[in-house]
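>>> Sequence and predicted model, in that order:
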Amino acid sequence: MPDEKRTSDIILEEVIKRREREKIVDVEEEKTKIVVFSLVDDYYGFYGDDVKEILPLVNIYYVPGSPDFILGVVNIRGDIESVLNINKFLGLPDSKQTKHSRIAVAARNDMRSGILVDSIVDVIDVPVSSIKPPLSTLNNSIRDFVSGEMLHDNKNVTLLDVEKIFGKITV
Amino acid sequence: MTAEVHIGSGHCEEIQLLTFTIMGTRMGVDTSQVSEMLEPEQAGERGINVHRFNDELPFRDSQVIYNSPKVLLIKNEGPAYGILIDQPDEIGSISLNSIRPIPPLISSCKGPKAIWGAAVKDEEIILLVDFYRLIQN
């Protein structure tokens, strides 16, 4: 049966097709790292590329004359970093500092600052496709600083844009 | 009260800093900007124009309490000008290597221009205040 396809050829073709499909799926599943954190009762996130380190709560030194949304400065291995009160900046109620509180050191362009969060929930790799545009129902004071929304543990995570936050402060 | 800044080879690189604490915030001023430290009553008797530190650089707490107030007379050629500070504790040398700039997020926003840097001493942060900029506010 010279012209007839062998079963093995048919199977091989199918295998190759499936592998090609898998490759396409792999390309589509581009992932990004997200640092999920909590503020008051909600989850928020930063893109992992923007977060340089996460520190336990250390002594924050108040700087007189600074805006309300600046908590102060901290000593990080001999360097001085500012600490942002993100609650105040976003118009959220104040959080209590607890043993779970963390300082996420974020950096974008030439700007760098610590940001006090209630807790770090998780650091995860998620498909870019799982990030949706910001909800139109978002509070006005937050909307300008949000780059997207996603789900984590069935809770909505509001993704904050570090560049927009720093940009607003330094205007 | 004298102060020197020695920069360059053969000299130590340091400033003399008078430190004080207001409402738990430790700050320091280069002693080259200060001519005298007076009791508030002495400043009153000499008719010196005295401004409370927190009037020039506001604190978050509206009620600022001075427990051990002193007046630092600013060294300048114009009229005598005093700044009321609290709890002066020491004059000490601070190495230029231990001085850091104020983080850009604070220095670039409409903030405290009179605070020009921060020194780390014994793991503690001391905010460095420029009295000449303070009275320009």
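Everything's here; your move. Numbers count the residues shown, from 1 in each chain, chains lettered A, B, ... in the order given.

>>> Show me what from chain B comes close to chain A.
Chain B comes close to chain A at residues B:22, B:24-27, B:54, B:57-60, B:100-106, B:108-112, B:114-115, B:118, B:120, B:123-125, B:127, as judged by C-beta under 8 Å from any C-beta of the partner chain. C-beta: built from backbone N, CA, C; applies to glycine.

>>> Going along the chain, name the helices of chain A.
In chain order, chain A shows helices spanning A:7-28, A:86-90, A:140-143, A:162-170, with DSSP state H as the criterion.

>>> Buried residues of the first one, list them for me.
When you say that, I think you mean helix A:7-28. Counting neighbours by 16 or more other C-beta atoms under 10 Å in any protein chain shown, one finds that helix A:7-28 has no buried residues.

>>> residues in contact with that helix?
Under the criterion C-beta atoms under 8 Å, 6 or more residues apart in numbering or on different chains, residues A:Ser129 lie in contact with helix A:7-28.

>>> and if you look at stretch B:22-32?
With contacts defined as C-beta under 8 Å, 6+ apart, stretch B:22-32 is touched by A:61-64, B:1-5, B:15-21, B:53-54, B:59, B:61, B:64-66, B:72, B:75, B:85-87, B:91, B:94, B:115, B:119, B:124-131.

>>> hmm, back to that, next, format the helices of chain A as TSV and append mean pLDDT.
Rendered in TSV, the data for the helices of chain A read as follows (pLDDT from 0 to 100):
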stretch	mean pLDDT
helix A:7-28	77
helix A:86-90	95
helix A:140-143	83
helix A:162-170	92
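
>>> Among the ones you listed, which comes closest to A:Ile80?
Among the helices of chain A, helix A:162-170 comes nearest to A:Ile80, with 16.9 Å by C-beta to C-beta.

>>> now what about that closest one, what contacts it?
For helix A:162-170, the external contacting residues (C-beta under 8 Å, 6+ apart) are A:46-47, A:50, A:67, A:69, A:84, A:86, A:89, A:106-109, A:111, A:113, A:144-145, A:147, B:104-105, B:108-109.

>>> Go again with 10 Å.
In this structure, residues lying in contact with helix A:162-170 by C-beta atoms under 10 Å, 6 or more residues apart in numbering or on different chains are A:46-47, A:49-51, A:67, A:69-70, A:82, A:84, A:86, A:89-90, A:104, A:106-113, A:115, A:144-147, A:161, B:104-111.

>>> among the residues of chain B next to chain A, which are in helices?
Judged by DSSP H, helices contain the following of those: B:Asn54, B:Pro104, B:Leu105, B:Ile106.

>>> in these, which two residues are the furthest apart from each other?
Put simply, by C-beta to C-beta the two of these set farthest apart are B:Asn54 and B:Pro104, 25.0 Å from each other.
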